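Participant: The following comprises the amino acid sequence and a computationally predicted model.
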Amino acid sequence: MASWADDAVIYQVYVRSFADSDGDGTGDLEGVRSRLDYLVDLGVDAIWVTPFFPSPMVDGGYDVTDYRDVDPQLGTLAGVGALLRDAHARGLRVIVDVVPNHTSDQHPWFRQALSAPPGSAARDRYVFRAGGTEPPNNWLSVFGGPAWTRLPDGDWYLHLFAPEQPDLNWENPEVRAEFVDILRFWLDLGVDGIRVDVAHGLVKPPGLPDAPYPGERGNRPYFDQEGVHAIYREWRRVLDAYQPPRIMVAEARLRDIERTARYVRPGELDQAFNFEFLWAPWSASRIRAVVERSLAAMAAVGRLPTWVIGNHDEVRVASRLAAGAPAATAAGLAPTAAGCAPHAAGACAMATEWSTGDDLAAGAKAAATGLRRARAMALLSLALPGSAYIYQGDELGLPQVTDLPDAARQDPVWRRSGGRAPGRDGCRVPMPWAGQEPPYGFGPPGSAPPWLPQPPLWGHLSVAAQHGDPGSVLSLYRAALRLRRETKALHGPQLTWLNAPEQVLAFTREAGFACVLNTGSTAVRLEQLDLPGPLTLASSPVEQEGVLPPDTAAWFVGGTAAQ
Ligand code: NOJ
């Protein structure tokens, strides 16, 4: 294996919503530190901590004003040191988020640019263009609306996301040097890895040509330019100077895993999030096709894939896979453009969400099916060769919160779409830890209400409620992670498909392990499959030996599979 991350299970901590140590209603780094034992007990290898840098929080911290400090609401630099020490003492590695495509509009550089004249060196750190009353080109922001904003002096600046997130000019050597320095700052502090936000966006095409809207297919012209790779080759050299080895993971929302694989070629990053897998619809043959393509694309560059089923930008897996879930409506993030696998219709856009709460009218049955499938997806993703990511709360089976009050919504997607697109807040609702009513132990007693309201009926989903329940989602995750650790056969690169009925996906790993997934609505008999051992773990109760119920995955472990 090339790096520790190749087969690691990495838990995504969305800091604002994980645990609130000081009772102000917002999760913080001290909250993360205080819950490390929960993560050790869960059985993950590493955590990725989303941005905690000083920020006006227009985009949940992805709008940074100072890349070398901590937002006072979220903690202190000393607190990062303490978190690293305590995590490392428990054998957990820590990945931090770096946001190089854009800064906050409150960043000192952008303030200087605004008070400097057109054509100045201060403006050259960003993408400014002279223009008339029309923007320099037709580019649309990923969050909806034009990607350009005009200043009173006539200059336009580019923002692929919100206007409060001006894009940096990566042709400018000062920008490049600054980020090398920022990387070193965090690496020197002892972080084990870096997640690169919008890794495919830094370099814009020469001449900033118009995009071929409307009816576009494929990636937008401002993404995945060849020039980005030189940046990552430089960053690789920076990382390689550190011991023990550090890793980088790319957030590049591209429609093809083959393009994504180019970010993890030798001399570039270590991992890239597998969005095609995340967007795969609930179909054994479609999932198998994505798995095959992922393995092939990554093998061609000497890597193993990542397996991602959720993050803070996507509809929660337990709701995304619900029976009869309507085609997810774009939340203003332009699914085909922002990167959507052609076969992933319905669940592909960043921040897609059902258009109204009424779409959930299918009610409890749909929710139960969604949860059942989410449990099966968890077992599948933890059985595949490579590294798996777990988004906080998915280990509790949290559903998407679709009925947040309008006044509570904070995602810029919601504001920029004039309320037509609900945005991503529904997957960011603070974690329930204990108790029967909000804030469910998210903060200490007497805390301010959480920054997003939690639903009234989440008590049964809390960590405390699930802890001792062998049938809970949390218990399933714990059991799977324990078994994964103990099972040598799960740590090699090998996967062999077994012949299986159409609604079934089945494979073995190295000697002694098999995983079978039934995405159909009827049970399947397993006798024609050559399984290496007894059923050891299943995502739903298996009542009849040799029969796998609908919407269920199971692991079969033989004597030769153990370490
Ligand atoms: C991807 C992040 O995951 C998302 O939350 C953010 O809004 C965009 N990048 C812009 O930084």
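Facilitator: Happy to help now that I have it. Numbering: from 1, shown residues only.

Participant: State the number of residues packed around residue 117.
Facilitator: When neighbours are defined as other Cβ atoms under 10 Å, residue 117 has 9 of them. Placement of C-beta: from N, CA and C, glycine included.

Participant: Spell out which helix or strand contains the residue of the stretch 451-563 of the chain found nearest the ligand, please.
Facilitator: Nearest residue of the stretch 451-563 of the chain to the ligand (Cβ to the nearest ligand atom) works out as residue 452 at 14.6 Å. Under DSSP states H and E, no helix or strand contains residue 452.

Participant: which other residues reach stretch 369-380?
Facilitator: Applying Cβ atoms under 8 Å, 6 or more residues apart in numbering, the contact partners of stretch 369-380 are 282, 287, 307, 309, 316-323, 325, 390, 394-395, 397, 399, 473, 476-477, 480, 505, 515, 517-519, 537-540, 551-555.

Participant: From those, which land in strands?
Facilitator: When DSSP state E is applied, these are split such that 307, 390, 505, 515, 517-518, 537-538, 552-555 fall in strands.

Participant: Give the single residue among these positioned nearest to residue 161.
Facilitator: Proximity of the ones in strands among the contacts of stretch 369-380 to residue 161 (Cβ to Cβ) peaks at residue 390, which lies at 25.6 Å.

Participant: residues touching that closest one, list them.
Facilitator: Counting by Cβ under 8 Å, 6+ apart, residue 390 makes contact with 9-12, 44, 310, 378, 477.

Participant: can you check residue 107 too?
Facilitator: Applying Cβ under 8 Å, 6+ apart to residue 107 gives the contacts 64-66.

Participant: And for the residue of the stretch 351-500 of the chain found nearest the ligand, the neighbour number?
Facilitator: Going by Cβ to the nearest ligand atom, the ligand is nearest to residue 424 of the stretch 351-500 of the chain, at 7.0 Å. Residue 424 sits with 27 neighbouring residues when counted by other Cβ under 10 Å.

Participant: Next: residue 225.
Facilitator: Per other Cβ under 10 Å, the neighbour tally for residue 225 reads 17.

Participant: How about the secondary structure of it?
Facilitator: The three-state label given to residue 225 by DSSP: H, G, I helix; E, B strand; the rest coil is coil.

Participant: my guess is it meets residue 204, correct?
Facilitator: Yes. Between residue 225 and residue 204 there is a contact under Cβ atoms under 8 Å: 6.7 Å.

Participant: related to what we said a few turns ago, closest to the ligand among the contacts of residue 390?
Facilitator: For those, the nearest to the ligand is residue 12 (9.9 Å; Cβ to the nearest ligand atom).

Participant: just checking, that closest one is part of a strand?
Facilitator: Yes. Under three-state DSSP, residue 12 sits within a strand.

Participant: mind listing what it touches?
Facilitator: 47-48, 50, 311-312, 389-392.

Participant: List the beta-bridge partners for it.
Facilitator: Beta-bridge pairing for residue 12 (DSSP bridges): residue 48, residue 391.

Participant: how close does it sit to residue 127?
Facilitator: The gap separating residue 12 from residue 127 is 30 Å, by Cβ to Cβ, to the nearest Å.

Participant: Next one: the closest residue to the ligand within the stretch 201-350 of the chain, what pLDDT does it get?
Facilitator: Nearest residue of the stretch 201-350 of the chain to the ligand, counting by Cβ to the nearest ligand atom: residue 313, 4.8 Å away. Looking at residue 313, its pLDDT is 96.

Participant: Same check on residue 352?
Facilitator: 39.

Participant: In a helix, residue 118, correct?
Facilitator: No. Under three-state DSSP, residue 118 sits outside any helix and is assigned coil.

Participant: Could you pull up the residues touching the residue lying closest to it once chain neighbours are set aside?
Facilitator: Distances taken as Cβ to Cβ, 6 or more residues apart in numbering place residue 155 nearest to residue 118, at 4.7 Å, with adjacent residues excluded. By Cβ under 8 Å, 6+ apart, residue 155 lies in contact with 118, 123, 128-131.

Participant: Sort out for me which of the residues you listed are in strands.
Facilitator: 128-130.

Participant: In the stretch 1-150 of the chain, what residue comes closest to the ligand?
Facilitator: Among all residues of the stretch 1-150 of the chain, residue 62 sits closest to the ligand, at 3.4 Å; criterion: Cβ to the nearest ligand atom.

Participant: I appreciate the help and will end here.
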